[in-house]
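Colleague: Just to be clear, the model below is a prediction. Sequence and coordinates:
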Protein chains: 2
Amino acid sequence: MEYFAGIDLGGTKIYAIVINDKGKILSRAKIKTGAKKDVDTILKKIVDCYKEALAGAKIEEKDIQSVGMAVPSAMDVKQGILLHAPNLGWKKVPIAKLFKEKINKPVFIGNDVNIGTYGEYCFGAGKKAKNLYGLFIGTGIGGGYVVDGKIIRGLNFTAGEIGHMVIDMGGSRCNCGNKGCLETVAAKIGMIDYMIKKVGKDKKKTILSKIAPDWQKTIGSSALKEAYEKKDKIVVKAIKRSAGAIGIACANLINTIGIESIVIGGGVMEEMGDVFMPIIRKKMDSYAIGGGAANVKLLKSALGDDAVALGAAWYARLPENKELLF
Amino acid sequence: MEYFAGIDLGGTKIYAIVINDKGKILSRAKIKTGAKKDVDTILKKIVDCYKEALAGAKIEEKDIQSVGMAVPSAMDVKQGILLHAPNLGWKKVPIAKLFKEKINKPVFIGNDVNIGTYGEYCFGAGKKAKNLYGLFIGTGIGGGYVVDGKIIRGLNFTAGEIGHMVIDMGGSRCNCGNKGCLETVAAKIGMIDYMIKKVGKDKKKTILSKIAPDWQKTIGSSALKEAYEKKDKIVVKAIKRSAGAIGIACANLINTIGIESIVIGGGVMEEMGDVFMPIIRKKMDSYAIGGGAANVKLLKSALGDDAVALGAAWYARLPENKELLF
């Protein structure tokens, strides 16, 4: 039997799995990324996590055929170079080469949300889709684009960066330097920005000041959910605005490229999918030209934490991706 | 030798060509669409125009293998049904069947801007492109999406409707009923809307009142050009805003799908390409994430009036499109 490993490297945690050649997950392991984020320290932790997953599956290293890893960064997959991971403070790291030196297996390294979308395409909500766009909503918004089983990346590996689709020209300043990007409206940073303005302008109060005193800086999805359920006016408005903007972005995909399936995931969706999905659907239907959203699948991600690691392992496993292995 | 015909049906004119099996244009014919726009009258004119093109090329009807026609409407290409052509006042017309009855040849019928992009892909500015998005700027904005030689249409034939990509959420009302679509900013209707507001709000004057007294309703691209060259402040602003928005839309394509080539055409570009292109390029470069516009080709359409008719003829010619022929 052949086995494969997948690793999801995040700013907060490292997550590793082992799968068999059918894509069945045999074990999972998790390690905190930690505060010390130099490349060498993190690579050692990744190897620890990988070995823990192997032990959990009772598989020996020699039986692992290949390893896929996803990173929170734009990736030059052809050269195996991580371009820029703000959460890790890394720029231009030859990660494929460095990682291969550590584990001595064929490795593939890709962008986490591209790979997460691919995971959902192969095993999750997007199974049997002809084409699939993924949107993952958290602090920011990332995405991925899969057509006929292939991850579309584009010349400079920008495909999937739907968080930086401008939908509000001249709107709020984005971390990328431009204005009006989708994430300035629809991600947590956009919601916070909106709520701060509301509180200031209308001198209104929000229950968040009690449940999450730091909300103007950072906010957990569960606190948002609690405030929403308690019908906090500002939170309700921020969430409807966010979900509406996601719906418009989905309609933009229908109108420009005729996308047929969209999967929505990420921390915000894990907590609040039931609130977000109907609003997204309604806006998408109304903004798609000439009833163009009919029969377009709008899906909630199904694999949770596994999506990225599973996608990475499976991507590295398939012979057709061999040329991107190091 | 085998010959093929292509027809471009517009609200103002009908344009027909005959090509040989290398795609060389042997003749062109043109007829005014006229005010009487019932299906039967127009079909007769199309046939007249087609026969005029045959005569011009000295080709007999029996030597024509197939005919491609492009229409100013969303097309259900599988069923051969024209869905909605506002310029003609047509809805749900089984155009393929009706046209085939008239000329008794294998016919293909598609959307004009999809086909125009395809024409540029096969013979014009987009030759050798891996993938190509077309934007055609006139009264409104239409487009097309070609990947690996195939026109991408999507489930409900919406692909290419980039004129209805929302880039200015909550902005001006669009003819489609939504707000903030690209064409409300960047097409001629968007420029007019902006200039009317400017004139009203700032009580400013524009030279357009002399060169094109009806400018608040409709305006020719040549009048816009003249006013721009005479440095009319309002017109200069409107044009920069329009070109900037097109640049942002191009960056949106880079960020979401990693598009590699974009061709810009249409009446406004024919007159003012030299003004528009540098502004579009600059905005596109600045809005594409992480330098993502590097080496992305931004092209001015090269085929002018021929793009659509040539694309239609060639599409109907190719064996791989046989299943869409009636």
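Modeller: Yes, it's here. Residues are numbered from 1 along each chain as shown, chains lettered A, B, ... in the order given.
Colleague: C-alpha from now on. contacts and neighbour counts both.
Modeller: OK.
Colleague: Where does the prediction get shaky in the stretch 101-250 of chain A?
Modeller: A:202-203 (pLDDT under 70).
Colleague: those strands in it, which residues are they?
Modeller: Counting by DSSP state E, counting those that start in this stretch, the stretch 101-250 of chain A has these strands, from start to end: A:107-111, A:131-137, A:141-147, A:150-151.
Colleague: burial count for residue A:167?
Modeller: Other residues near residue A:167 come to 32 when the count uses other C-alpha atoms under 10 Å in any protein chain shown.
Colleague: contacting residues around it?
Modeller: A:180, A:181, A:182, A:245, A:249, B:166, B:167, B:168, B:169 (C-alpha atoms under 8 Å, 6 or more residues apart in numbering or on different chains).
Colleague: Kindly recompute the last result at 6 Å.
Modeller: Going by C-alpha atoms under 6 Å, 6 or more residues apart in numbering or on different chains, residue A:167 touches A:180, A:182, B:166, B:167, B:168, B:169.
Colleague: closest one to residue A:265 among the strands of the stretch 101-250 of chain A?
Modeller: When the strands of the stretch 101-250 of chain A are compared by C-alpha to C-alpha, strand A:131-137 sits nearest residue A:265, at 4.5 Å.
Colleague: could you say what helices and strands the closest one packs with?
Modeller: With contacts taken as 3 or more C-alpha pairs under 6 Å, 6 or more residues apart in numbering or on different chains; DSSP states H and E, strand A:131-137 sits against strand A:141-147, strand A:261-265.
Colleague: That one pairs with which strands, parallel or anti?
Modeller: strand A:141-147 (antiparallel), strand A:261-265 (parallel) (DSSP bridges).
Colleague: Which positions within the last one qualify as buried?
Modeller: By that I understand strand A:261-265. A:261, A:262, A:263, A:264, A:265 (16 or more other C-alpha atoms under 10 Å in any protein chain shown).
Colleague: which residues are contacting it?
Modeller: With C-alpha under 6 Å, 6+ apart, strand A:261-265 has contacts from A:132, A:133, A:134, A:135, A:136, A:296, A:297, A:298, A:299, A:300, A:301.
Colleague: Equivalent analysis for the first one, please.
Modeller: If you take C-alpha under 6 Å, 6+ apart as the criterion, strand A:141-147 is touched by A:113-114, A:117, A:131-136, A:151-152, A:160-163, A:183, A:187.
Colleague: Identify the bridge partners of the closest residue to chain B within the stretch 1-150 of chain A.
Modeller: Chain B sits closest to residue A:145 of the stretch 1-150 of chain A, with a gap of 6.9 Å, by C-alpha to the nearest C-alpha. Listed by DSSP bridges, the beta-bridge partners for residue A:145 are residue A:133.
Colleague: how deep is it tucked in, by neighbour count?
Modeller: Quick note: residue A:145 (other C-alpha under 10 Å) scores 29 neighbours.
Colleague: what residues does chain A put near chain B?
Modeller: Proximity of chain A to chain B, by C-alpha under 6 Å from any C-alpha of the partner chain, involves residues A:153-154, A:156, A:158-162, A:165-169, A:252, A:255-258, A:292.
Colleague: Just the ones of the residues you listed in helices?
Modeller: If you go by DSSP state H, the residues of chain A next to chain B have A:252, A:255, A:256, A:257 in helices.
Colleague: May I see the ChimeraX selection of the buried members of the residues you listed?
Modeller: Buried subset of those, written as a ChimeraX selection, criterion 16+ other C-alpha under 10 Å:
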select /A:252,255,256,257
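Colleague: Mind jotting down where the helices sit in the stretch 151-300 of chain A?
Modeller: A:182-186, A:188-202, A:208-211, A:221-229, A:233-257, A:267-287 (DSSP state H, counting those that start in this stretch).
Colleague: what's the most buried one of the ones you listed?
Modeller: Comparing the helices of the stretch 151-300 of chain A by mean neighbour count (mean count of other C-alpha atoms under 10 Å in any protein chain shown), helix A:182-186 ranks first with a mean of 29.
Colleague: Correct me if wrong: residue A:182 contacts residue A:163.
Modeller: Yes: Residue A:182 is within contact range of residue A:163, at 5.0 Å (criterion: C-alpha atoms under 6 Å).
Colleague: Excluding sequence neighbours, find me the nearest residue to the residue positioned nearest the centre of chain A.
Modeller: The centre of chain A sits closest to residue A:113, judged by C-alpha atoms, centre = their mean, with a distance of 3.7 Å. Leaving aside its sequence neighbours, residue A:113 sits nearest to residue A:143 (C-alpha to C-alpha, 6 or more residues apart in numbering or on different chains; 5.2 Å).
Colleague: Next, count neighbours for that neighbour.
Modeller: Neighbours of residue A:143 (other C-alpha under 10 Å): 27.
Colleague: Then the one 10 residues further on?
Modeller: A total of 26 residues lie near residue A:153 under the criterion other C-alpha under 10 Å.
Colleague: who touches it in this structure?
Modeller: Residue A:153 touches A:159, B:258, counting by C-alpha under 6 Å, 6+ apart.
Colleague: change it to 8 Å
Modeller: Per C-alpha under 8 Å, 6+ apart, neighbours of residue A:153: A:145, A:159, A:160, B:257, B:258.
Colleague: picking that back up, and the buried residues of strand A:261-265, which is closest to chain B?
Modeller: Among those, and counting by C-alpha to the nearest C-alpha, the member closest to chain B is residue A:261, at 9.9 Å.
Colleague: So in terms of bridging, what pairs with the closest one?
Modeller: What pairs with residue A:261, by the bridge criterion (DSSP bridges), is residue A:297.
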